[in-house]
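Q: Predicted model and sequence below, questions to follow.
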Amino acid sequence: MKNAYISGTGMYVPPKSVTNDDLRTVYGIDTTNDWIVQRTGIEARRFAEAGVGSSEMGSYAAKQALEDAKITAKDLDMILFATLSPDMCFPGSGPLLQQRLGLTEGDDPRFVPTMDIRNQCSGFVYGVATAASMVRAGAAKHVLVVGAETHSAALDLSTRGRTVATIFGDGAGAVVVSATDEDRGIRKWYLGADGRYADMLKQPIWDIKQRPYIKVNEKGEGVIPPEMLWPQMDGKAVFKNAVERMCGCVMEACFDLDVTPEQIDLFCFHQANMRINQFVADQLGIPQEKLVHNIHKYGNTTAATIPLLLAEAQRDGKLKRGMKVALVAFGAGFTWGSMIIDW
Ligand code: UT7
């Protein structure tokens, strides 16, 4: 059986940086830089311009990852797209990305399978686990996994929505998962979910149990009340569960591999809140120098946080061949996942 390893990483963040003060002065939200920094560690986030969506940002990150892996898009056997902000309800962003990457063009079109992964902040870890399974099974040699989010389009950027709107940002990260005969790569993953908490963090938009699923006014236009239109979160419940599950996740993956957290060189935690990550690190006795962060400058980019961390850490020289790396995620659903990689 082949091993599956990450052969390339890539990233894209939109150029427009929105600071905490901008949220107050430009968007008119009743908030302060101190509140946001103290509660979350976020100083700024990126917002994409209108007209830019998740498959476009994903394509920029994907092109970098392909270049880093030294392959072309036509070498891919599969595309996995993790997002909670797909370009539209259906079809998914996977086929849109396939087309953007040019797989369907030319004399040798490659109609490779694509799949969207709707697992919010854990989506990227679920995606890499799926890609590694395909590679190990011999069903694929190179699988592209993208995590991309366009949150800025779907946030209640007003005082009413401030608890959620101040923490999310846009961006995309990508990796190529490839087959190798070398003794390295994705060793172990641990995934989980608890649907009892589905209401704790959600953006319903519609209710498919109703007829029709979105209320329609006399002009035939859909009318969506704010609590359906915008994300809703019980922040304290999410925080508490995130700390517990992320700690458990690391221990499960370590236990299965018979390694201890001390033997791991680099931890890439999902970037939801700097305080969550400090709690997890403190509980597990992980020193600060083994953690990488990007929440201070990008906010919570959901499925994109971990591939963004990987791409940046690799470019900064913090992530090197031979290191033992742990990915840890937690998000809406609730869903969670961890993964240990010999880089
Ligand atoms: O990717 C996974 C998704 N999300 C998470 O992991 C988030 C987990 N939760 C959290 O990070 C925290 O719950 C938050 C940072 C979102 C909120 O922190 P909190 O300490 O739980 O604050 P809170 O919601 O209990 O609000 C405390 C106060 C309230 O005012 P009162 O009622 O005490 O007067 C809020 O209205 O802070 C107020 N508040 C704000 N004030 C200024 C809420 N949001 C803001 C804001 N700026 N942006």
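A: In hand now; what should we look at?
Q: So which bits of the chain are right by the ligand?
A: 31, 35-36, 39-40, 121, 162-163, 166-167, 201, 235-236, 238-239, 242, 272-273, 276, 300, 331 (Cβ under 6 Å from any ligand atom). C-beta here means a position set from N, CA and C on the backbone, and glycine is covered the same way.
Q: Which ones among these lie within strands?
A: Judged by DSSP state E, the residues of the chain next to the ligand include 201, 331 as members of strands.
Q: out of the residues of the chain next to the ligand, which are buried?
A: Buried by 16 or more other Cβ atoms under 10 Å: 31, 36, 39-40, 121, 162, 166-167, 201, 238-239, 242, 272-273, 276, 300, 331, out of the residues of the chain next to the ligand.
Q: Which of the residues you listed fall in helices?
A: Of the positions in those, 36, 39, 40, 162, 238, 239, 242, 276 sit in helices, assigned by DSSP state H.
Q: In contact with the nearest residue to the second one once chain neighbours are set aside, which residues?
A: The reference is to residue 39. Nearest residue to residue 39 in three dimensions, chain neighbours excluded: residue 275, at 7.1 Å (Cβ to Cβ, 6 or more residues apart in numbering). Listed by Cβ atoms under 8 Å, 6 or more residues apart in numbering, the contact partners of residue 275 are 39, 40, 41, 239.
Q: Walk me through the domains of this protein.
A: The record's domain parsing of the chain by automatic domain parsing lists 3-183, 186-199+230-342.
Q: OK, contacts around the one residue in the chain that gets nearest to the ligand?
A: Nearest residue of the chain to the ligand (Cβ to the nearest ligand atom) works out as residue 235 at 2.4 Å. By Cβ under 8 Å, 6+ apart, the residues touching residue 235 are residue 163.
Q: per-residue pLDDT, it?
A: Per-residue pLDDT puts residue 235 at 96.
Q: Same check on residue 256?
A: In this model, residue 256 is scored at 88, pLDDT.
Q: three-state assignment of it?
A: At residue 256, secondary structure determined by DSSP: H, G, I helix; E, B strand; the rest coil is helix.
Q: secondary structure class for the nearest residue to it once chain neighbours are set aside?
A: With Cβ to Cβ, 6+ apart as the criterion, residue 256 has its nearest non-adjacent residue at 5.1 Å, and that residue is residue 188. Look at residue 188: counting by three-state DSSP, its state is strand.
Q: Wait, residue 188 touches residue 252, no?
A: No - Residue 188 is not in contact with residue 252 according to Cβ atoms under 8 Å; the separation is 9.0 Å.
Q: Need the max-distance pair from the ones in helices among the buried ones among the residues of the chain next to the ligand.
A: Spatially, the most separated pair among these is 162 and 242, at 20.0 Å (Cβ to Cβ).
Q: in this protein, which ranges drop under the pLDDT threshold?
A: For the chain, no stretch has pLDDT under 70.
Q: Let me know the secondary structure of the residue of it most remote from its centre.
A: Distance from the C-alpha centroid of the chain, by Cα atoms, centre = their mean, peaks at residue 218 (39.5 Å). Three-state call for residue 218 (three-state DSSP): coil.
Q: how far out from the middle of the chain is the helix or strand that contains residue 308?
A: Element membership of residue 308 [criterion: DSSP states H and E] is helix 305-315. Centroid separation between helix 305-315 and its chain, computed with Cα atoms, centre = their mean, to the nearest Å, is 11 Å.
Q: for stretch 129-149, same thing?
A: Stretch 129-149 sits 15 Å away from the centroid of its parent chain (Cα atoms, centre = their mean).
Q: going forward can the numbers begin at 42, since that is how I track them
A: Understood, numbering begins at 42; the last thing we discussed is stretch 170-190.
Q: Using PDB, write out the CA atom coordinates for the helix holding residue 349.
A: Extracted C-alpha coordinates of helix 346-356, given in PDB (Å, rounded to 0.1, in the frame of the first residue of the first chain):
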ATOM      1  CA  THR A 346      -7.500  28.200   8.700                       C
ATOM      2  CA  ILE A 347      -5.400  25.000   8.700                       C
ATOM      3  CA  PRO A 348      -4.300  25.000   5.000                       C
ATOM      4  CA  LEU A 349      -3.400  28.700   5.400                       C
ATOM      5  CA  LEU A 350      -1.300  27.800   8.500                       C
ATOM      6  CA  LEU A 351       0.500  25.000   6.600                       C
ATOM      7  CA  ALA A 352       1.300  27.200   3.500                       C
ATOM      8  CA  GLU A 353       2.600  30.000   5.600                       C
ATOM      9  CA  ALA A 354       4.500  27.800   8.000                       C
ATOM     10  CA  GLN A 355       6.200  26.100   5.100                       C
ATOM     11  CA  ARG A 356       7.100  29.400   3.400                       C
END
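Q: May I see the buried residues of that helix?
A: Buried, per 16+ other Cβ under 10 Å, within helix 346-356: 346, 347, 348, 349, 350, 351, 352, 353, 354, 355.
Q: counting contacts, what elements does that helix pack onto?
A: Under the contact criterion of 3 or more Cβ pairs under 8 Å, 6 or more residues apart in numbering; DSSP states H and E, helix 346-356 touches strand 44-53, helix 95-110, helix 164-177, strand 183-190, strand 212-221, strand 307-310, helix 336-339, strand 365-372.
Q: Pick the most deeply packed of these.
A: Most buried of these by mean neighbour count (mean count of other Cβ atoms under 10 Å) is strand 183-190; its value is a mean of 31.
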